[in-house]
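Asker: Next comes the sequence, and after it the predicted model I'd like to discuss.
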Amino acid sequence: MDKTLRDDASIFVNREFSWLKFNERVLEESMCTETPLYERLKFIAIFRSNLNEFYMVRVGTLYDQALLTVPILDSKTHMTPVAQLEHIYRRTREMEERCGICYKRVTSELAAEGVSLMGWDALTGDERKYLDGFFEREILPLLSPTIVDTRHPFPFLGNKQIYVAVRLESKRKDEDKKTLFGIIPVSNALPRLVRLQEKEHRFILTEEVVRGFSEKVFNFYSVRESVVFCVTRNADINMDEQFYNQEVDYRAYMKEVLKKRKRLAAVRLELRGDCSKELREYFKDKIRLQDEQIFSCVTPPDMRWVYGLGDHLPDALRKKLSWVPHHARYPVGLSAQKSMIRQIQHGDVLLTFPYDSFRPFVDLIREASADRYVTSIRLTLYRVGSESQLIDSLINAAENGKDVTILLELRARFDEENNLNWAAKLEEAGVRILYGPDGYKVHSKICLITRREKGRVSHITQIGTGNYNEKTTNVYTDYSLMTANPAIAEDAQMLFNNLSTGTLGKEYRTLLVAPYCMRTTLLQMIDGEIEKARIGREADILVKVNSLTDNVLIEALKNASQAGVRVRMVVRGICCILPGLPGLTENISIVSVVGRYLEHSRVYCFGAGNEQRVYISSADFMTRNMQRRVEVAAPVLDPLIARRIANDVETTFLDNVKGRVMHPDGTYTLRVAGEGARIDSQNFFRERAASGNARKIGKPAFLRMAADKLKSLFRKG
């Protein structure tokens, strides 16, 4: 492990460096031979997308901090912003080289299967002839090239926009042979992929076509050099800078914020292919970058085209190169033909995504929108799809005279524009829109339906770990709990009232609510396990989160380890604590699972056996979640559901197919099955949902089955 990450006495890992290790784990999945080829290409696209956002947000923040007179030191490793950036640039260069190797291997194997992603130099004469006509008809009319000279200043380069840069020389004999530079924006109106032959699956990227025909664009010049490039800009702007001046219209301010984001400082330049020193120096001067911020890439800088590639392939070939589709089912034990409200009143309902369908929750809102006894629907929205049946049902509820209140978070990073559009549409339908309290993002996922029937008021409450987004429920692992429990409803009602009035400092009986009481209660429960360990009782902490960065919680977990508490954690991404350090964290074990689905659910389990308390939550163990966001963790009060969720986390923790164990030096390695059974947790949950066993059988039988299954699976694991 790099000694710059920590000294020998520290349990901490730098947040940014931990994130880079996570993205390496994503890239590793592209080399897994058990994963279908098309899906492996998608992992490379995910790796690149992750890296783009990392540079826009995290590197952008460090870039700004590096400009300060008094540097802000990292709270864990005490490194300066400059030192962190140097490490990030060095590791990025190494990762780019590895990504290029992965891309070449995967595309080579795809070519062997009959799907070829061509470079310009590999085209046949007939293909170039075809592209010549295609370029003249379809591409050239949409290009807006510019030559940079005394009369034409260097243009502004948009964030993540694809360009072709050329080094030019005049063809006219009477003109000076000085070098000029030209830039061609590759219009977003153009398709990213061009199919070369109808019968064969040969494709070329549009920017490569533009580069190949760049002399047609600058027809009075000879093209001496051409390269595809892309600039990444800092996108980490302060969303709260002016909003809390009450005279500012929040929606108008957010629109200005989005405009500002597009023009912030460049933090990275990606060049695809070879580039001369002269052209690199030109970019360096014009974009105001340092050498370490310029990267040569084998892979295309923007790989969003990958997700549409399958649409160009015949069904049989696409199926061969892809995972077997998983069709989320309506959970066994629930009926789409019966009232969802009545079924929830009969007993708590748990949905497990992506294994279960999102439809039962949509059906609940649809039913509530038309139910004459429903008086109000209140819901928090953080991220939602561009198309949403859920939103349609909420609009229908408002049009039916229900009191519909949506707390819509406009500061959900990179979803701001989509949320602005939904805010306007919802308000037009008569939905009351709230934007949350001063200084806090509302990240919780909670819905409260209020009914008044025969003079009696009752509620249905839904609490989730993931967003109300029909699209992401197909690829993110999450829980959604629907309950008629009056104590949970009482707290949910208090939360919505507090959000409406901008006050959060109230006592909650059952829910853990950040920033008011979540971390305090978590610390109390950790202390409770420490006290058990000190008096010789079984003490256990089992946690599943996306990220662990909060210093206070990290210290508490270290204290628990030192007291003898067994601490097991599934941390998918950033993890800022080192496990297994003698005398410090030796009782802490950490696993990261990166597989077909994005692990997204957050679960906190404290205690063992019948004393175990289980919570599902929207909050990671991060300072921002504990202090700067409105988050909710809900207790799972049904013992069967609570045991099932805890078993799920244990199964994920013991995954030896996609699970990677974190070691005391901060490295990760795949857990090998050895002589024991192969445990692919995501596949296990998928098969369980398909069989319906989790709901068909009674509570005692299920608990026996779960225990026996875990014992048989993990006896040799």
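Answerer: Looks like it arrived, so ask away. Residues are numbered from 1 along each chain as shown.
Asker: okay, the closest residue in space to residue 60 that isn't next to it in sequence: pLDDT?
Answerer: Nearest non-adjacent residue to residue 60, counting by CB to CB, 6 or more residues apart in numbering: residue 234, 3.2 Å away. For the C-beta atoms, the positions are set from N, CA and C on the backbone; glycine is no exception. Looking at residue 234, its pLDDT stands at 89.
Asker: What of residue 3?
Answerer: pLDDT, residue 3: 42.
Asker: now swap in residue 395 and tell me
Answerer: 91.
Asker: same deal with residue 674?
Answerer: For residue 674, pLDDT reads 64.
Asker: Which strand runs longest in this protein?
Answerer: Looking across the chain with DSSP state E, the single longest strand is strand 221-233.
Asker: re the thing from before, spit out the contact partners of the residue nearest to residue 60.
Answerer: 56, 59-61, 63-64, 264-267 (CB atoms under 8 Å, 6 or more residues apart in numbering).
Asker: Apply 6 Å and report the result again.
Answerer: Residue 234 makes contact with 60, 63, 264-265, 267, according to CB atoms under 6 Å, 6 or more residues apart in numbering.
Asker: now residue 109
Answerer: Residue 109 makes contact with residue 37, according to CB under 6 Å, 6+ apart.
Asker: what's the spacing between it and residue 38?
Answerer: Applying CB to CB, to the nearest Å, the value for residue 109 to residue 38 is 10 Å.
Asker: circling back to that earlier point, which helices and strands does the longest strand of the chain pack with?
Answerer: strand 162-170, helix 206-212, helix 214-217, strand 266-272 (3 or more CB pairs under 6 Å, 6 or more residues apart in numbering; DSSP states H and E).
Asker: As CSV, those with mean neighbour count would be great.
Answerer: Below are the helices and strands packed on strand 221-233 laid out as CSV (neighbours: other CB atoms under 10 Å):
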stretch, mean neighbour count
strand 162-170, 21
helix 206-212, 23
helix 214-217, 18
strand 266-272, 22
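Asker: And those: which comes nearest residue 74?
Answerer: Nearest to residue 74 among those is strand 266-272; the distance by CB to CB comes to 18.0 Å.
Asker: State the mean pLDDT of that closest one.
Answerer: 95.
Asker: could you say what helices and strands the next helix-or-strand element following it packs with?
Answerer: Going down the chain from strand 266-272, the next helix or strand is helix 277-287, by DSSP states H and E. Helices and strands in packing contact with helix 277-287 are not found; criterion 3+ CB pairs under 6 Å, 6+ apart.
Asker: cutoff 7 Å now
Answerer: Packed against helix 277-287 by the contact rule (3 or more CB pairs under 7 Å, 6 or more residues apart in numbering; DSSP states H and E) you find strand 221-233, strand 266-272, strand 294-297.
Asker: what would those look like in JSON lines with distance to residue 75?
Answerer: Listed next are the helices and strands packed on helix 277-287 as JSON lines, based on distance: least, CB to CB, whole Å:
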{"stretch": "strand 221-233", "distance to residue 75": "26"}
{"stretch": "strand 266-272", "distance to residue 75": "22"}
{"stretch": "strand 294-297", "distance to residue 75": "28"}
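Asker: Can you tell me which of the ones you listed is most buried?
Answerer: strand 266-272 (a mean of 22; mean count of other CB atoms under 10 Å).
Asker: and the angle for it with strand 162-170?
Answerer: Between the axis of strand 266-272 and that of strand 162-170 there is an angle of 70 degrees, by axes from the mean of the first three to the mean of the last three CA atoms, to 10 degrees.
Asker: Report the buried residues of the lengthiest helix in the chain.
Answerer: Using DSSP state H, we find that the single longest helix of the chain is helix 81-112. Of all the residues in helix 81-112, those buried under the rule 16 or more other CB atoms under 10 Å are 81, 83-85, 87-89, 91-92, 95-96, 99, 102-103, 106-107, 110.
Asker: swap in stretch 482-501?
Answerer: 482-485, 488-496, 498-499.
Asker: again with stretch 31-51
Answerer: Buried-residue list, stretch 31-51, by 16+ other CB under 10 Å: 32, 35-51.
Asker: contacts for stretch 339-358?
Answerer: 326, 328-331, 334, 360-361, 363-364, 367, 371, 460, 466, 470, 473-484, 597, 638, 641, 685-686, 689 (CB atoms under 7 Å, 6 or more residues apart in numbering).
Asker: Name the residues of it that are buried.
Answerer: Neighbour counts over stretch 339-358 (16+ other CB under 10 Å) mark 340-341, 343-344, 348-358 as buried.
Asker: Next: stretch 507-516.
Answerer: 508, 510-516.
Asker: and it, average pLDDT?
Answerer: 93.
Asker: do the same with stretch 429-447
Answerer: On average, the pLDDT along stretch 429-447 is 86.
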